[in-house]
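J.: Predicted model follows, preceded by the sequence.
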Amino acid sequence: MRRLWMSLLVVPAMAVAVPTAAWASPAGPAARTAPAARTAPAARTAPVSRTAPAAPARALRPGMSGAAVKALQQRLAALKYYPGAINGQFGIYTLEAVWAFEEVQGLPAHDYVTAAMKRALAHPRAAEVLVPYGGANRVEISLTREVLVLYHNYKVQLISHVSTGGHYYYCSTGGCAYAVTPTGDFRTVVFMPGWVAVPLGFMYNPVFFIGTAFAIHGDTDVPLAPISHGCVRIPMDIATFFHIMVHIPGEPVYIR
């Protein structure tokens, strides 16, 4: 198995069977000091560029395609990370799944598949359990690792990269506050389909867990850094089906 993964050629694994949908997105995150609603959706077609060490010449990275990328997608899907369509195309959704895997493994996150990640794919570490007695079905969110884990019948069904509160100070028409994601024990309250306008911008398919203020929701900008106003941002592809994987209302949501 290790030898196979060193070349990223593996026996195909069953892809995650979840629906996908076309989507549009608002243009960029709200300003840190004076957030304002984003008004015009615009499609995102490529990962946001970040300052990072250059990828080794032969490393898998966004924009690449082929059998090795497909093998990577199959392996991530088998481990309950969602890399988007299993099509051999290394796009933003595959990159976000790579980030989630690295976060769970305790590896530095990169915009390409590192040698350390290849080794970890052969013998992966299980996601840390935050609330061992939290129930058979639950959502756990780690603010330390910036990762969400969804359990069904005590088994992991989905692991996703997230972006949570950025701890910056901001002001809006409703007043000023610090961008903090609350920790504690919550439950899903209500689901609102599509793009939902809120005072600080837009949420896609939000699943609220504190009134209609804090939600797990899709966003076109889910970077490695925590940058939200306090909600839990998830990648757009995962937001298209996340709400059908949890019970609403009443699914436990634990944030630590």
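T.: Nice, I can see it.

J.: Tell me the backbone dihedrals of Tyr154, please.
T.: phi 70, psi 0 (degrees, to the nearest 10).

J.: That one reaches Ala136, doesn't it?
T.: Yes. Here Tyr154 reaches Ala136: they are 5.1 Å apart, a contact under CB atoms under 8 Å. (Each C-beta comes from the backbone N, C-alpha and C, glycine too.)

J.: which strands and helices sit next to the helix or strand encompassing Ile159?
T.: Per DSSP states H and E, Ile159 falls inside strand 155-161. Applying 3 or more CB pairs under 8 Å, 6 or more residues apart in numbering; DSSP states H and E, one finds that strand 155-161 makes contact with helix 92-105, strand 147-152, helix 242-245.

J.: What strands line up against the second one, and which way round?
T.: Here strand 147-152 has these sheet partners by DSSP bridges: strand 138-142 (antiparallel), strand 155-161 (antiparallel).

J.: of all those strands, which lies closest to Ala122?
T.: Ala122 sits nearest to strand 155-161 of all the strands paired with strand 147-152, at 17.5 Å, using CB to CB.

J.: after the closest one, next one along is what?
T.: strand 169-172.

J.: Could you tell me the average pLDDT over that next one, please?
T.: In this model, strand 169-172 has a mean pLDDT of 91.

J.: what about dumping the CA coordinates of the helix or strand following it to CSV?
T.: Per DSSP H and E, the first helix or strand lying C-terminal to strand 169-172 is strand 175-178. Only the C-alpha atoms of strand 175-178 are listed here, as CSV (Å, rounded to 0.1, in the frame of the first residue of the first chain):
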residue,chain,number,x,y,z
GLY,A,175,-22.8,47.8,15.6
CYS,A,176,-19.3,46.7,16.2
ALA,A,177,-18.0,43.3,17.5
TYR,A,178,-15.1,40.8,17.3
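
J.: Tell me how the chain divides into domains.
T.: Here the domain assignment for the chain is 1-15+61-125, 138-255, based on automatic domain parsing.

J.: Report how far apart the opening and closing residues of the last one are.
T.: Read it as domain 138-255. 11 Å (CA to CA, to the nearest Å).

J.: Figure out how far the strand holding Ile159 is from the centre of its chain.
T.: From the chain centre to the centre of strand 155-161 is a distance of 10 Å (CA atoms, centre = their mean, to the nearest Å).

J.: dump the residue contacts of Met203.
T.: Met192, Trp195, Val196, Ala215, His217, Gly218, Asp219, Cys231 (CB atoms under 8 Å, 6 or more residues apart in numbering).
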